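J.: Quick one, what's the 3D model for this:
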Amino acid sequence: MRKTPDTRPPALRPYTLLLTLVVLLGASAPGRADDLNRIVLRVNDEILTLHDYQKQKSIAVTQILASQLPPAEQQERIGLVGRQITQELFRELLLESRAKQLRIVVTDEQVEEAVQGLIKRQGIEDEATLQQALASSGMTLDQLRDNMRREITFSQVVGREVTAKIAVAEEELRAYYRSNVEQFVVPEERWLKEVIVLEASGASPEELEETAQEIRGKLLEGGEFEEVIESYRAAELTTGVIDLDWLEENELDPDLAEVAWQLEPGAYSEPVLSRGGLHVLHLAGLREEEQKPFKDVQDQILGIERSRRFDKEMQTFLADLERNAYVKEDLPPEAVGYRTLAEADFGSDESPLDLFRAPTLPSPDEQEEDSGEEESEEGGR
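T.: Got it, this is the predicted structure:
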C-alpha cells in the first residue's frame with residue numbers, strides 16, 4: 001500500500017511479500033488432485049502449482065469482498081486479481097531462486113529471534129495471547145515461523161543485491177537541501193489560552209459582549225487569568241481557562257487565527273465571536289518561523305534519498321532477474337498477461353512495487369474488539 005514515505009534507510013526496513021502473512025484459506029474451487037498439483041508457473045527451479053495459485057487468489061478475493069469499496073469497484077478489482085496475484089508470486093519465485101543462487105541460508109535461531117521481536121512489537125505478553133492472535137489471523141506458530149524465514153531470506157537478498165549498491169554523497173544531500181528548503185522550515189507557532197463567554201448561558205448578545213469586555217478589562221489591569229474568570233465560571237457564564245497549547249496558524253479556526261496572529265506576546269484580544277460564544281484569546285508564548293540548518297536534517301534527507309534510490313534500484317534488480325530467468329507458463333486464463341500489468345491497474349492506493357511489508361498480528365485491543373463484535377452478534381440472534 002502506498003502511504004506516507006518511510007524515510008528510514010532501506011537496509012533497516014523489514015521486508016516480506018505482500019501476501020505471505022494473510023489468512024491461509026482453502027482453494028477457491030475443488031478439483032482433482034492431479035489438476036491442483038499442475039505446475040502453472042516455473043521460474044528457474046521454483047514452481048507455482050494451481051493449488052497455491054487458487055489459494056492466494058481466494059485470499060485476495062475474500063479481502064476485496066470484505067472491504068468497504070463500492071460493489072462496482074470490488075468487481076473491477078476482482079477482475080484483476082488473477083494477474084495481480086500471479087505478478088506478485090512470479091516476483092516471489094524470482095527472489096527465492098536468487099536466494100538459492102546466493103546460497104543464503106536462514107538459521108532457526110534467526111527465525112526465532114525475528115518471531116520474538118515481532119511478538120514484542122505487537123505487545124503480546126504470554127503464549128495464550130499469542131495463540132489467540134495467530135488463530136484470528138488463520139495461522140499456526142509453524143506457519144508464522146515459515147513466513148518469517150521467507151521474510152529474512154528476501155531481506156538478505158535485497159540487502160546484498162539492492163541496498164548495498166545505494167550510496168549518497170554529502171554534496172548530493174546538500175544539493176537536495178538547497179533545492180527543497182521549504183521542506184525544512186519550521187512555521188511560526190503560538191501558545192494560546194482562551195476563555196469563552198458562553199452563548200449557552202442564556203445571556204443576550206449585548207450581555208455576552210458586556211461580560212467579555214469586563215473580563216478583558218480586568219485582565220489588562222494585570223489580573224491573573226484564572227482568578228479573573230473564577231466567579232464568571234462559577235456562575236456558568238464562561239468556561240474555565242482553556243489551554244490551546246502551541247499551534248500553527250492553520251490549526252486554529254480562521255476567525256480566531258486572524259485575531260490571534262495579530263497579538264503581541266502577553267496580550268489579550270478583543271472578544272471574537274466563534275463556536276460556542278465570545279472568545280477572549282491570550283498569547284502566552286511565541287516561537288518564530290525558522291529554517292532548520294542542514295546538519296539538523298542531514299539524516300532525514302539521507303533517508304529520503306535512499307528511499308527514492310532504493311525504489312529505482314529495486315525496479316532494475318527485478319527487471320534483471322526477470323530478463324535472465326527461465327520461465328515456463330501454463331496459467332489459468334485470468335492470470336495471462338500478468339507480466340505487463342501496469343501500476344495504474346493496481347488502483348490509486350496500491351503499487352506492484354509494494355512487494356514487501358512487515359508482518360503483523362492483531363493487537364490485544366483489536367482481538368478484544370473482534371471478540372466483542374462476535375459476542376454482540378451472538379446476542380442479537
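J.: so where do the helices sit in the stretch 1-150 of the chain?
T.: For the stretch 1-150 of the chain, the helices identified by DSSP state H, counting those that start in this stretch occupy 33-36, 50-65, 71-101, 108-121, 127-136, 141-161, in order along the chain.
J.: Now the weakest link among those helices, please, by mean pLDDT.
T.: Set side by side, those differ in mean pLDDT, and helix 33-36 is lowest with a mean of 70.
J.: Can you give me the domain boundaries for this protein?
T.: The record's domain parsing of the chain by automatic domain parsing lists 10-169+296-380, 188-288.
J.: What's the mean pLDDT across the shortest one?
T.: Along domain 188-288, the predicted confidence averages to a pLDDT of 95.
J.: From the centre of the protein, point out the most distant residue.
T.: Using C-alpha atoms, centre = their mean, the residue of the chain lying farthest from its centre is Glu221. It sits 50.4 Å away.
J.: quick one, phi psi at that residue?
T.: With angles defined as degrees, to the nearest 10, Glu221 sits at phi -80, psi 0.
J.: Next, work out how far apart it and Ile215 are.
T.: 11 Å (C-beta to C-beta, to the nearest Å). Every C-beta, even on glycine, is put in place using the N, C-alpha and C of the backbone.
J.: out of the domains of the chain, nearest to Asn180?
T.: domain 10-169+296-380 (8.3 Å; C-beta to C-beta).
J.: Report the buried residues of stretch 146-158.
T.: 147-158 (16 or more other C-beta atoms under 10 Å).
J.: Next: stretch 313-321.
T.: Along stretch 313-321, these residues count as buried under the neighbour rule (16+ other C-beta under 10 Å): 313-314, 317-318, 321.
J.: I'd like the domains of the chain laid out as a markdown table, including distance to Ser179.
T.: Putting the domains of the chain into a markdown table (distance: least, C-beta to C-beta, whole Å) gives the following:
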| stretch | distance to Ser179 |
| --- | --- |
| domain 10-169+296-380 | 11 |
| domain 188-288 | 24 |
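J.: Between those, which one is closest to Glu182.
T.: Glu182 lies closest to domain 10-169+296-380 among the domains of the chain, at 12.3 Å (C-beta to C-beta).
J.: just how off-centre is the closest one within its chain?
T.: Per C-alpha atoms, centre = their mean, to the nearest Å, the displacement of domain 10-169+296-380 from the mean C-alpha position of its chain is 16 Å.
J.: next one: stretch 166-179
T.: Relative to its parent chain, stretch 166-179 has a centroid offset of 27 Å by C-alpha atoms, centre = their mean.
J.: can you give me the strands for this structure?
T.: Assigned strands in the chain, in chain order: 39-43, 46-49, 185-186, 189-198, 242-247, 272-274, 277-287, 290-291, 327-329 (criterion: DSSP state E).
J.: among those, which is the most enclosed?
T.: Relative to the other members of those, strand 189-198 carries the highest mean neighbour count by mean count of other C-beta atoms under 10 Å, namely a mean of 22.
J.: Can you spell out which helices and strands pack onto it?
T.: When contacts are defined as 3 or more C-beta pairs under 8 Å, 6 or more residues apart in numbering; DSSP states H and E, strand 189-198 sits against helix 205-220, helix 225-234, strand 242-247, helix 254-260, strand 277-287.
J.: would you list these in TSV and tack on distance to Gly138?
T.: As requested, the helices and strands packed on strand 189-198 are arranged in TSV below (distance: least, C-beta to C-beta, whole Å):
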stretch	distance to Gly138
helix 205-220	60
helix 225-234	55
strand 242-247	44
helix 254-260	49
strand 277-287	50
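J.: Now do the contacts for the closest residue to Glu236 other than its chain neighbours.
T.: Setting aside the residues directly before and after it, Glu236 is nearest to Ser201 in space (C-beta to C-beta, 6 or more residues apart in numbering), at 6.0 Å. Neighbouring residues of Ser201 by C-beta atoms under 8 Å, 6 or more residues apart in numbering: 208, 236-238, 277.
J.: can you check Thr153 too?
T.: 95-96, 99, 104, 106.
J.: Assess the claim that Glu290 and Val185 are in contact.
T.: Yes. When contacts are counted by C-beta atoms under 8 Å, Glu290 is listed as touching Val185 (7.4 Å).
J.: looking at the helices of the stretch 1-150 of the chain, which is closest to Glu189?
T.: In this view, these are compared for proximity to Glu189 by C-beta to C-beta, and helix 108-121 is the closest at 32.5 Å.
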